[in-house]
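Asks: Task: produce atomic coordinates for the following.
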Amino acid sequence: MTDSEDVRARILEKARQLMLSRGYSRMTMEELGGELRMSKKTLYRCFPSKEALGEAVLVAYFAGVGEELAAIQRQERLDFGERLRLFVKTIAGHYARGAATLQDIQREAPGLWLTLLEVRRRSVQENFGALLSAGVREGAFRADVEPRLVIRMMLTLVDQLLRPDVQEELEMSVEQIFPRMMDVVLEGLRTGLSDRRRTGPAPRRR
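Replies: Coordinates of the predicted model:
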C-alpha cells in the first residue's frame, strides 16, 4: 500500500467510526482532521467534499459487508442452512449497528441517502444473487425459480422496509424486520414446498 493509499484508508476508517458514533450530519471535516492529526488540506486532497467522503465511506462499508458474506458462503464445513442463518444474522447485525446513522442520513443528507440506496441495491443484487445460486446448486432452493424476479422482489422489499421512517411507523427494529422479511422470501424458494408451477388462480369450486 502506498503512502497516499494508507492516508486514504485511515481517513475512511475514522470517518466510518465517527458516522456510526455521531451521525453523518454532526461529523465535521475539522473534527475528522483533529482525530487523525491531519490538516484539512490533506483531507480535501483525498476527498473534495464531505459528501464525497460520505459516499466513499458507504461504498467501502458495503464492500466490507460483501466480503463478510462471501466468506460465510465459503465455509464448506457448514451446511447451507447454517450458512443461511449466519448470512441473515450478519446483515441484521450491520443494520442494527448502523440504524441511527441511516436515520440521520435519510433526514439530513438526501443526496447521500440516494447514493446509499444505489450502493445497497448493488450489494443486494450481488450478495443475494450469490446466495440464491448457492441454494439452487445445493438443492436447498427450487431449481425452477427465476433469479431475476426473486432478486427484484428482494430489492423492492429492502427499499420499502429497511428504511428508518418505515421502522418508526411499524415500531419494529431492523433486527426484527429483516429476519421476518427473509423468512417470507425464502419460504417460497425452499424445495420442501410443492414444486407445482402455478399459471393462474385455482379454479373456483362450484
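Asks: Strands of this protein, start to end?
Replies: Counting by DSSP state E, the chain forms no strands at all.
Asks: can you pull the buried residues of the longest helix along it?
Replies: Across the chain, the helix with the greatest residue count (assigned by DSSP state H) is helix 110-137. Within helix 110-137, the residues scored as buried using 16 or more other C-beta atoms under 10 Å are 112-113, 115-116, 119-120, 123-124, 126-128, 131-132, 134-136. All C-beta spots, glycine's among them, are computed from the backbone N, C-alpha and C.
Asks: elements contacting that helix?
Replies: Counting contacts by 3 or more C-beta pairs under 8 Å, 6 or more residues apart in numbering; DSSP states H and E, helix 110-137 packs against helix 50-73, helix 80-97, helix 99-108, helix 147-161.
Asks: Nearest to Met172, out of those helices?
Replies: For Met172, the closest of the helices and strands packed on helix 110-137 is helix 147-161, at 9.2 Å, according to C-beta to C-beta.
Asks: can you list contacts of the closest one?
Replies: Residues from elsewhere that reach helix 147-161 (C-beta atoms under 8 Å, 6 or more residues apart in numbering): 117, 120-121, 124-125, 128-129, 132-133, 166, 177, 181, 185, 189.
Asks: would you list those residues in TSV and tack on pLDDT?
Replies: Formatted as TSV, the contacts of helix 147-161 follow (pLDDT from 0 to 100):
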residue	pLDDT
Leu117	95
Arg120	95
Arg121	95
Val124	93
Gln125	94
Phe128	93
Gly129	93
Leu132	92
Ser133	93
Val166	93
Ile177	92
Met181	91
Val185	87
Leu189	89
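Asks: of all the residues you listed, which two lie farthest apart?
Replies: Ser133 and Val166 (28.9 Å).
Asks: Could you export stretch 113-125 as PDB, CA atoms only?
Replies: In PDB, the C-alpha atoms belonging to stretch 113-125 read as follows (Å, rounded to 0.1, in the frame of the first residue of the first chain):
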ATOM      1  CA  TRP A 113     -29.300   8.800   1.000                       C
ATOM      2  CA  LEU A 114     -29.900   8.300  -2.700                       C
ATOM      3  CA  THR A 115     -26.300   7.200  -3.000                       C
ATOM      4  CA  LEU A 116     -26.800   4.800  -0.100                       C
ATOM      5  CA  LEU A 117     -29.900   3.300  -1.800                       C
ATOM      6  CA  GLU A 118     -28.000   2.700  -5.000                       C
ATOM      7  CA  VAL A 119     -24.900   1.200  -3.300                       C
ATOM      8  CA  ARG A 120     -27.300  -1.000  -1.300                       C
ATOM      9  CA  ARG A 121     -29.100  -2.200  -4.400                       C
ATOM     10  CA  ARG A 122     -25.900  -3.300  -6.000                       C
ATOM     11  CA  SER A 123     -24.900  -5.100  -2.800                       C
ATOM     12  CA  VAL A 124     -28.300  -6.900  -2.700                       C
ATOM     13  CA  GLN A 125     -28.000  -8.000  -6.300                       C
END
